[in-house]
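A.B. asks: This is the structure alone, sequence omitted:
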Ligand SMILES: Cc1cc2nc3c(=O)[nH]c(=O)nc-3n(C[C@H](O)[C@H](O)[C@H](O)COP(=O)(O)OP(=O)(O)OC[C@H]3O[C@@H](n4cnc5c(N)ncnc54)[C@H](O)[C@@H]3O)c2cc1C
């Protein structure tokens, strides 16, 4: 863009102070240099914490809670105006995965994910926002239980819990950079309507799903681009009982769970809504190949249209095209429901996710990378921070004998960085192993481990690798985490 075009642009966009390219209300001047604009240097106010957690989603909520409960002065930076992340936006619910039991005959029922992940469920149950761990009556070679949640109450409950724990909640605030000192992260640059600030901490936890802080801090990463994006719809004004009855008359749903819905026990909370015929043929064209859903009263969550982004999932322009394409598909999906699905004649789109969701974006290289064999062989490590047993591709891949595998602490230490832990969908490069570690409840467990460890680092003023495993294990067990001997 030459200077004339630039000026024209400036006028069109209503940029007030073109002379001198003033870039802030304080009026400090930057410079244009060829096709680039050089930002003026600027003093940023510094805020200091023990632990900063980036991303208040599935893992980040638990990480911040864990750090604060260890007594660390904790800031949670979340770019949206609420917490919960993909748990609330995908409408995915916490489908299951707390328990292991029926997938293999004879396996004793046991809950393997407890701790703060379970505490959130207890709080949700207390306000009528959760179906409880409802037993799967069909489809249990895949899941043993289904834990459907009211996603709006999840936002409220998690924000209240963070507030009670004394976490400084920086909502509507985006992390846009890192301040590093050799291999140490000193601070994160955050942007909000209060301006740009530098937040310093002794230890950082990146739970941003895309590994934004880690990438800014120079961590190694890859972008596998191996999944379609989707934006899940909440479809309201649905006669659920009518829909489920129709499914049962026509071959039935291959997944079904009953639980508390709208205060009434024994109601369907999960089913698989495939209808076959014209509906399925048309649905496939818009990336709506599966219709497994959890439900609220007269409301279908998690109706999703998939779209494989032709470019990169970390490219703004490619993603803007994908956002539009998916919205076109969603409009078609609603038409299909109205036309073909009993009980949906007057259904409408009550909500969509604020942005496209994807199962993985950036993958951050960590000190250890979980393998498929680690998962399915049920391996445990001498630095396990949680145990888990669910696999998204069951029954094809399942942990041997219906047991658990352990997730080692070192799988959460960002390689080459002294004081940065990562948790959530950004770990585990093996596609098949990731189909287990990325699940919501596993991300929550990782959150508890990273938040606890970060607080221990801050207390001891040490790097993430200098935390004594026995101290971490003891703190996790005190926090209710289940670890095998
Ligand atoms: C379509 C779909 C279906 C799925 N189905 C299931 C399922 O049925 N069951 C299951 O268990 N799992 C499912 N998953 C996987 C699971 O939901 C995710 O892997 C998990 O929720 C990811 O958790 P996370 O903490 O890594 O990220 P998120 O929960 O996405 O949290 C990341 C948070 O970081 C914030 N953030 C991002 N960048 C910044 C920044 N720079 N500054 C500040 N904040 C930032 C975001 O706003 C967000 O709140 C599904 C995923 C998808 C996409």
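C.D. replies: That came through, no problem. Computed from a predicted model, the values in this text were never measured in an experiment. Numbers count the residues shown, from 1 in each chain.
A.B. asks: where do the helices sit along the stretch 1-150 of the chain?
C.D. replies: 3-12, 58-69, 86-89, 115-126 (DSSP state H, counting those that start in this stretch).
A.B. asks: right, and those helices - which one's nearest residue 481?
C.D. replies: helix 115-126 (4.2 Å; Cβ to Cβ). Just so you know, the C-beta spots here come from the backbone N, C-alpha and C atoms, and that holds for glycine as well.
A.B. asks: Centre of the chain to that closest one, how far?
C.D. replies: 17 Å (Cα atoms, centre = their mean, to the nearest Å).
A.B. asks: Which strands and helices lie in contact with that helix?
C.D. replies: helix 58-69, helix 151-164, helix 440-460 (3 or more Cβ pairs under 8 Å, 6 or more residues apart in numbering; DSSP states H and E).
A.B. asks: Buried deepest among the helices of the stretch 1-150 of the chain, which one?
C.D. replies: Across these, the average number of neighbours (mean count of other Cβ atoms under 10 Å) peaks for helix 58-69, which reaches a mean of 32.
A.B. asks: what about it, near the ligand?
C.D. replies: Yes - Helix 58-69 lies within reach of the ligand by Cβ under 6 Å from any ligand atom, at 58-60.
A.B. asks: could you check the distance from residue 106 over to the ligand?
C.D. replies: Distance of residue 106 to the ligand, computed by Cβ to the nearest ligand atom, to the nearest Å: 25 Å.
A.B. asks: Could you give the number of residues near that residue?
C.D. replies: Residue 106 has 8 neighbours, counted by other Cβ atoms under 10 Å.
A.B. asks: Repeat that for residue 484.
C.D. replies: Neighbours of residue 484 using other Cβ under 10 Å come to 10.
A.B. asks: Contact partners for the closest residue in space to it that isn't next to it in sequence?
C.D. replies: Excluding its sequence neighbours, the residue lying closest to residue 484 (Cβ to Cβ, 6 or more residues apart in numbering) is residue 387, at 5.6 Å. By Cβ atoms under 8 Å, 6 or more residues apart in numbering, the contact set of residue 387 is 112, 380, 404-407, 482-484.
A.B. asks: And the buried ones among these, selectable in ChimeraX?
C.D. replies: A single ChimeraX command selects the buried members of the contacts of residue 387 (16 or more other Cβ atoms under 10 Å):
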select :112,380,404,405,406,407,482,483
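A.B. asks: returning to that earlier point: of the helices and strands packed on helix 115-126, which stretch is the most buried?
C.D. replies: Buried most deeply of these, by mean count of other Cβ under 10 Å, is helix 58-69, with a mean of 32.
A.B. asks: Off-centre distance for that helix?
C.D. replies: On Cα atoms, centre = their mean, the centre of helix 58-69 falls 13 Å from the chain's centre.
A.B. asks: Give me the contacts around the helix ranked longest in the chain.
C.D. replies: The longest helix of the chain (DSSP state H) is helix 316-340. Contacts with helix 316-340, where a contact means Cβ under 8 Å, 6+ apart, come from 229-231, 233, 235, 275, 277-279, 282-283, 286-288, 303, 305, 307, 309-313, 344-349, 352, 355-356.
A.B. asks: From residue 204, how far off is residue 168?
C.D. replies: Between residue 168 and residue 204 the computed distance is 14 Å (Cβ to Cβ, to the nearest Å).
A.B. asks: Now do the closest residue to the ligand within the stretch 1-150 of the chain, the pLDDT please.
C.D. replies: Nearest residue of the stretch 1-150 of the chain to the ligand: residue 57, at 1.8 Å (Cβ to the nearest ligand atom). Turning to residue 57, the model gives it a pLDDT of 97.
A.B. asks: what subset of the contacts of helix 316-340 is also close to the ligand?
C.D. replies: When contact is defined as Cβ under 6 Å from any ligand atom, these meet the ligand at residue 230.
A.B. asks: For the residue nearest to residue 484, give the beta-bridge partners.
C.D. replies: Note on residue 387: beta-bridge partners residue 406, judged by DSSP bridges.
A.B. asks: swap in residue 52?
C.D. replies: Note on residue 52: beta-bridge partners by DSSP bridges are residue 75, residue 204.
A.B. asks: Touching, it and residue 78? I think so.
C.D. replies: No - using Cβ atoms under 8 Å, residue 52 is not in contact with residue 78, being 11.7 Å away.
A.B. asks: more neighbours, those two?
C.D. replies: More neighbours surround residue 52 than the other of residue 52 and residue 78, with 32 against 28 (other Cβ under 10 Å).
A.B. asks: so who does the more buried one touch?
C.D. replies: By Cβ under 8 Å, 6+ apart, residue 52 lies in contact with 74-77, 188, 199, 201, 204-205.
A.B. asks: from those residues, which are also near the ligand?
C.D. replies: Within the contacts of residue 52, those near the ligand by Cβ under 6 Å from any ligand atom are residue 77.
A.B. asks: Reformat the contacts of residue 52 as JSON lines; add distance to residue 445 and neighbour count.
C.D. replies: Formatted as JSON lines, the contacts of residue 52 follow (distance: Cβ to Cβ, whole Å; neighbours: other Cβ atoms under 10 Å):
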{"residue": "74", "distance to residue 445": "19", "neighbour count": "30"}
{"residue": "75", "distance to residue 445": "22", "neighbour count": "26"}
{"residue": "76", "distance to residue 445": "18", "neighbour count": "31"}
{"residue": "77", "distance to residue 445": "21", "neighbour count": "28"}
{"residue": "188", "distance to residue 445": "24", "neighbour count": "29"}
{"residue": "199", "distance to residue 445": "26", "neighbour count": "25"}
{"residue": "201", "distance to residue 445": "22", "neighbour count": "26"}
{"residue": "204", "distance to residue 445": "19", "neighbour count": "32"}
{"residue": "205", "distance to residue 445": "14", "neighbour count": "37"}
